[in-house]
Every structure is written in C-alpha cells, then in structure tokens.
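Engineer: Quick one, structure for this:
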Amino acid sequence: MKINILLAGAALAAATSTAGAQTLQIQSSGNSGSFVHLFYQDWVERYNTMTGEDGAKVEVLPFQAVVPYRETLDAITAGILAGDMQAVSYFAGRDQAFSVIGDLIAGYDTPDQVSMFCQYGGGKEILQEAYDSIMPDQLHVVGCAAFTREALVSAVEINGVDDLKGLNIRAPEGLATAVFEAAGASPVPLPYSEVFGSLEQGVIDAADASSYADNASTGVHEVATYPLYPGIHSMAVLQLVVGKSQWNRMSEPDQVALETWYTAMMTSMARASFIEDERAKAEEEAAGTVTVIDWPQEERDRLREIAVGAWEATAAESDLADKALKTHRKFMKSIGLLE
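Structural biologist: Alright, predicted model coming up:
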C-alpha cells in the first residue's frame with residue numbers, strides 16, 4: 001500500500017495501481033518551498049524506511065493539488081483522496097467544535113502544551129468524536145499536534161490591542177476570526193497561499209499566517225515589515241486524518257508506524273521551527289529589513305481576556321463545541337494553566 005501525502009501547491013499525481021499496490025492520496029497544507037513543506041519531505045524518507053520494502057509509503061506533493069482546502073473531507077468519502085493533513089479549524093463551518101479544538105486562541109503558552117492536549121489530554125479523542133458526528137464511521141484520526149506559536153505579519157505597526165481596531169486581517173475560520181472581530185478588526189478568510197498577494201495589493205493590512213521562519217522563507221516579510229513575534233494569539237492544531245476504509249486496509253505495523261511517525265515528526269518540527277524562527281529573526285533584524293514588534297505582557301493579557309469571551313460564545317453554538325471546551329479546560333487545569 002502506498003500513501004501519497006499531498007502538500008499545498010504541487011501537480012496532481014493520478015491514482016494508479018501496479019502489482020496490486022494501491023496509491024492513496026492525502027492532501028495537506030504546506031506551500032511548496034516553505035519550511036514546513038521541506039521538513040515534511042525529509043520526514044517522508046524516514047517513514048518510507050520504517051515501513052520497509054513492502055509496507056506503506058509516503059510521497060509529498062504540494063497544496064490544493066486535488067481539491068480546495070475545505071473540500072478534502074468530502075473528497076475522502078468520495079474516494080478521491082485518502083485523507084487530510086491540514087489545520088483542524090479549516091472545518092469550523094461544519095461544527096464549532098472544530099474551532100475550539102483547532103485553535104484555542106490565547107489559551108496555551110507553548111505548542112508543546114497543545115500537542116500534549118492532543119496526545120494525552122483528550123484532544124485526539126474529542127476530534128475523533130467531532131468527525132464521527134458529521135461523517136459517521138468515515139474518518140480515522142491518526143493524530144493531531146501544534147508546532148509553532150504563529151507570528152502575525154503586518155504591513156502596519158500593531159503595538160497593542162487598540163491598534164487592531166479597523167484593520168483588515170486575514171484569519172482562518174474559527175476562534176481567530178471571533179477574537180479579531182471582538183478586538184475591533186475585520187477578519188478576512190483567505191488561504192495562506194493568497195496572503196502575500198493580498199498584503200502586496202493592500203487588500204489586507206495584516207495576516208494570521210504561519211511561523212516566523214515560514215513567513216520569512218516565503219517572502220511575506222517583504223510586503224509586511226512589522227511582524228509580531230512571539231505571536232500574540234495562535235497555535236493552530238494540525239491533524240492527520242485518513243479514510244476509515246483505507247485505515248482498515250493498512251496492516252497493523254503500518255498503522256502503528258504512521259501514528260509513531262506523525263508524533264515524532266510534529267515534535268521534531270516544533271523544535272526545528274523554534275530554532276529557525278530565532279535564526280530568521282536575527283538575520284532580518286541585522287539586515288534592517290523588518291521591525292519586529294513584541295507585545296508587552298499587559299497587552300497579551302488584554303487579548304486573552306477578549307479571547308475567553310470568544311471561547312464561551314463559540315462553545316455555546318453546539319453541544320460538541322461545549323464538550324471540546326470542557327476537555328480543554330480539564331487538561332489546562334491538570335497542568336496548571338487554569339485554577
């Protein structure tokens with residue numbers, strides 16, 4: 001069995017079958033040439049080695065290669081894709097539980113805490129429950145994790161909460177949109193691939209984008225020279241979800257290998273991303289090409305207060321969203337983030 005993980009932006013590889021081996025395609029959301037995409041490519045080789053000559057294989061191709069990013073779940077059920085490796089919050093339009101699970105804005109201090117929630121705090125289980133509620137017995141959650149505290153790229157100076165008022169800010173569906181709206185900004189839903197052009201043309205003033213290093217490597221700082229770093233809000237949860245039928249057809253060793261590979265890859269990417277963020281920041285500051293803005297703690301606390309209200313409002317929209325928030329809070333209390 002061969003698994004092709006398609007990352008944002010490459011040509012579509014047609015599904016083929018040779019000598020009884022089936023090619024399965026899983027679409028994800030890293031732009032070609034970005035830090036994330038290159039990191040995945042390196043780890044693909046590790047998975048292919050883990051599974052041996054006759055086991056499942058992973059091939060990395062770039063974003064929206066098969067279907068638009070919001071349509072991957074339907075593509076899985078239709079047999080067009082084998083699965084999805086994108087941000088959980090992309091599917092907030094299907095149930096607000098995906099907002100709460102996908103990015104609890106200002107809730108956690110580090111990406112590792114978010115990944116612990118997924119692995120040990122009930123996050124993976126509540127995500128599986130969410131998918132079972134909208135597509136019963138169709139999807140299997142292999143894992144979920146966060147790898148970075150996302151920076152906010154901006155073409156204008158944003159020195160605190162008050163400066164958000166009136167700005168057009170790219171934000172994915174979910175709590176990020178709710179928080180920016182509550183702070184007085186106007187959120188604009190755009191895929192990451194459109195961030196550069198929208199900033200360059202003045203369609204948006206700022207963007208909830210990606211890690212500092214990722215934004216630097218894709219040239220976003222050329223048109224948004226006032227990055228906020230460390231980020232003020234987002235630690236997006238990424239997922240690896242495969243079709244239930246495809247998962248059941250995998251051998252148990254290949255299933256275990258895929259789970260282990262995903263956890264190891266995301267943990268390693270978080271560490272590498274932090275190092276790359278610091279390196280890119282130092283280089284750009286030395287060159288004088290950016291003005292990095294680091295919000296004081298009192299401004300971060302103000303945004304958190306706004307975010308808590310958004311948590312509650314979003315959780316009230318569905319029973320599953322409410323359960324997801326309770327799952328977060330239980331875990332956060334267990335590690336001392338909440339009293």
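
Engineer: just the helices in the stretch 101-250 of the chain please.
Structural biologist: When secondary structure is read from DSSP state H, counting those that start in this stretch, the stretch 101-250 of the chain shows helices at 111-120, 123-134, 175-182, 195-200, 212-217, 244-249.

Engineer: Next one: the closest residue to Ala270 other than its chain neighbours relative to Ser268, how far apart?
Structural biologist: Using Cβ to Cβ, 6 or more residues apart in numbering and skipping residues adjacent in sequence, the residue nearest Ala270 is Phe147, 4.3 Å away. Backbone N, C-alpha and C define where each C-beta goes, glycine included. If you measure Phe147 against Ser268 using Cβ to Cβ, to the nearest Å, the figure is 9 Å.

Engineer: And for Gly184?
Structural biologist: Counting by Cβ to Cβ, the gap from Gly184 to Ser268 is 38 Å.

Engineer: so what secondary structure elements neighbour the longest helix that the chain contains?
Structural biologist: With DSSP state H setting the assignment, residue counts place helix 252-287 as the longest helix in the chain. Under the contact definition 3 or more Cβ pairs under 8 Å, 6 or more residues apart in numbering; DSSP states H and E, helix 252-287 sits against helix 35-51, helix 111-120, strand 139-145, helix 212-217, strand 238-243.

Engineer: swap the cut-off to 7 Å and go again
Structural biologist: With contacts defined as 3 or more Cβ pairs under 7 Å, 6 or more residues apart in numbering; DSSP states H and E, the secondary structure elements packing on helix 252-287 are helix 35-51, helix 111-120, strand 139-145, helix 212-217.

Engineer: Select, out of the ones you listed, the one closest to Asn168.
Structural biologist: Between Asn168 and the helices and strands packed on helix 252-287, the shortest separation by Cβ to Cβ is 17.8 Å, and it involves helix 212-217.

Engineer: And for Ala178, nearest residue in space, chain neighbours not counted?
Structural biologist: Computed as Cβ to Cβ, 6+ apart, the closest residue to Ala178 that is not its neighbour in sequence is Ala310, at 4.1 Å.

Engineer: what pLDDT does that neighbour get?
Structural biologist: As summarised for this prediction, Ala310 has a pLDDT of 91.

Engineer: Over to the one 5 residues further on?
Structural biologist: For Ala315, the model assigns a pLDDT of 95.

Engineer: Name all residues that make contact with the closest residue to it other than its chain neighbours.
Structural biologist: Using Cβ to Cβ, 6+ apart and skipping the chain neighbours, the partner closest in space to Ala315 is Leu325 (4.0 Å). Contacts here follow Cβ atoms under 7 Å, 6 or more residues apart in numbering; on that basis Leu325 touches 100, 311, 315.

Engineer: hang on, the earlier thing: so Phe147 and Ser268 - more neighbours on which side?
Structural biologist: Just comparing Phe147 and Ser268: by other Cβ atoms under 10 Å the higher neighbour count belongs to Phe147, 27 against 15.

Engineer: residues contacting the more buried one?
Structural biologist: Contact criterion Cβ under 7 Å, 6+ apart gives 111, 266, 269-270, 273 as the residues in contact with Phe147.

Engineer: can you put those residues in TSV and add neighbour count and pLDDT?
Structural biologist: Formatted as TSV, these follow (neighbours: other Cβ atoms under 10 Å; pLDDT from 0 to 100):
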residue	neighbour count	pLDDT
Pro111	25	93
Met266	22	96
Met269	24	93
Ala270	21	94
Ser273	22	89
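
Engineer: Could you check how far the nearest residue in space to Pro230 that is not next to it in sequence is from Val292?
Structural biologist: Counting by Cβ to Cβ, 6+ apart, Arg149 is the residue found nearest to Pro230 once chain neighbours are left out, at 5.6 Å. Arg149 is 14 Å from Val292, where distance means Cβ to Cβ.

Engineer: Neighbour count for the two, which is higher?
Structural biologist: Set side by side, Arg149 and Val292 show unequal neighbour counts under other Cβ under 10 Å, the larger going to Arg149 at 24 against 17.

Engineer: That concludes my questions; thank you for your assistance.
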